[in-house]
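Trainee: the following comprises the amino acid sequence and a computationally predicted model.
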Amino acid sequence: GSLFKCISLIHQNSHDVIHFHVSAMERFLYAGYVLIQFSPANTKKIITIHSGQFVETYESLSKVKQKIVAWLLRQFSHVIVVNNGQKKLLEKVGVSQERISVIPAYIPPNPEPFPEAEKILSDLRKAGRVLVVSSGYGEPLYGYHRIISAIKSNPTLNQRVSLLLCLYNRFEKKYMEEVDNGISELESAKIIRDLSAEHFAYLLSQSQIYIRATDSDGDAIAIREAAHFGVTVIASDLGERPEYCYLFDLDDIESLSNQLLLCSSNTTKTIAATLPETVNVILNIYK
């Protein structure tokens, strides 16, 4: 249904530019071929690949599917990706350097208070606790078990911080049971599911620390949102993390615990990280 709707939109009017937005190319692998064929030959075509998992997804495909993806990408006037590792892959499959831009998948968040927020914040801030937030799907990739283990491993941390997990979209039952059990052993912690982007942004803006404990990652939007609010960011030492992140060794719980101790002892809001003028960059590509 979405494919036919896209074809209809492409043909409703004449367009100077058609801009496709995809995740990691899994489904666009099939739909993209059809849409390219139906796009007018004289229309400039741009594609943005938003997912930080694009390289891993491409490398997991069969050789035939990799060739189809490579052919598809070479049909675009310009390709936008979220990190330099993805840019290198594009160059490897034959997309010329001048047709590639690296732009973080980021738009400044719009925080919106909601009725339950103040009670949530009040409960988690009791006794002057430092509010630590993490977010993502309810899956092992996001490493909530690492955060829980780091806090449990240090009595000072367990007394000093409150952990708020904001989870959404997909939940792996067995992993969520593990996370729920771990949360029950912390002195102050809460899980919230399926907040709107605006409500999550509000809770994030009221926190002191954001943790990104993922196994693999791209240019994580939540890291940039936290930086926008001046929230201290702790992240696993993989991928291309912004320079303002406090990094920890993914396989070393003590490393994460030490960074939490350091950051929770100094919770003064930092100056919001400067971010590229994404909208102007994209408009320049259109020009």
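Mentor: That came through fine.

Trainee: show me where the stretch 51-200 of the chain has helices.
Mentor: Secondary structure of the stretch 51-200 of the chain (DSSP state H, counting those that start in this stretch): helices at 54-60, 63-74, 84-92, 117-124, 144-152, 155-160, 173-184, 197-205.

Trainee: among these, which is the most enclosed?
Mentor: Ranked by average neighbour count under the criterion mean count of other CB atoms under 10 Å, these are headed by helix 144-152 at a mean of 23. All C-beta spots, glycine's among them, are computed from the backbone N, C-alpha and C.

Trainee: quick one: the strands in the stretch 1-150 of the chain?
Mentor: Applying DSSP state E, counting those that start in this stretch to the stretch 1-150 of the chain gives strands spanning 17-22, 44-49, 78-81, 100-102, 130-138.

Trainee: right, so of the ones you listed, which gets closest to H11?
Mentor: Nearest to H11 among the strands of the stretch 1-150 of the chain is strand 17-22; the distance by CB to CB comes to 10.8 Å.

Trainee: make JSON lines from the strands of the stretch 1-150 of the chain and add mean neighbour count to it.
Mentor: Output for those, formatted as JSON lines (neighbours: other CB atoms under 10 Å):
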{"stretch": "strand 17-22", "mean neighbour count": "16"}
{"stretch": "strand 44-49", "mean neighbour count": "20"}
{"stretch": "strand 78-81", "mean neighbour count": "23"}
{"stretch": "strand 100-102", "mean neighbour count": "18"}
{"stretch": "strand 130-138", "mean neighbour count": "22"}
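
Trainee: nearest residue to R129 other than its sequence neighbours?
Mentor: S162 (4.4 Å; CB to CB, 6 or more residues apart in numbering).

Trainee: run through the residues that contact that neighbour.
Mentor: Contact analysis of S162 by CB atoms under 8 Å, 6 or more residues apart in numbering lists 124-126, 129-132, 188-190.

Trainee: just A189 next, same as before
Mentor: 148, 162-165, 183.

Trainee: and those, which is closest to M25?
Mentor: Among the contacts of A189, L165 lies closest to M25 (CB to CB), at 29.3 Å.

Trainee: hmm, V132 and the closest one touching each other?
Mentor: No. The criterion here is CB atoms under 8 Å, and L165 misses it with V132 at 9.6 Å.

Trainee: at the geometric centre of the protein, which residue sits there?
Mentor: When CA atoms, centre = their mean is applied to the chain, the residue found nearest the centroid is A220 (3.2 Å).

Trainee: so what's the nearest residue to it once chain neighbours are set aside bridging to?
Mentor: Excluding the flanking residues, the one nearest A220 by CB to CB, 6+ apart is R212, at 5.5 Å. For R212, the beta-bridge partners are A235 (DSSP bridges).

Trainee: R212: neighbour count?
Mentor: Counted by other CB atoms under 10 Å, the residues lying close to R212 total 23.

Trainee: report pLDDT for it.
Mentor: Note on R212: pLDDT of 96.

Trainee: report the contact partners of it.
Mentor: Neighbouring residues of R212 by CB under 8 Å, 6+ apart: 134, 220, 222-223, 233-236, 245.

Trainee: of all those, which comes closest to L61?
Mentor: Nearest to L61 among the contacts of R212, with distances taken as CB to CB, is A220, at 23.3 Å.

Trainee: check contacts around the closest one.
Mentor: A220 sits in contact with 52, 212, 214, 235, where contact means CB under 8 Å, 6+ apart.
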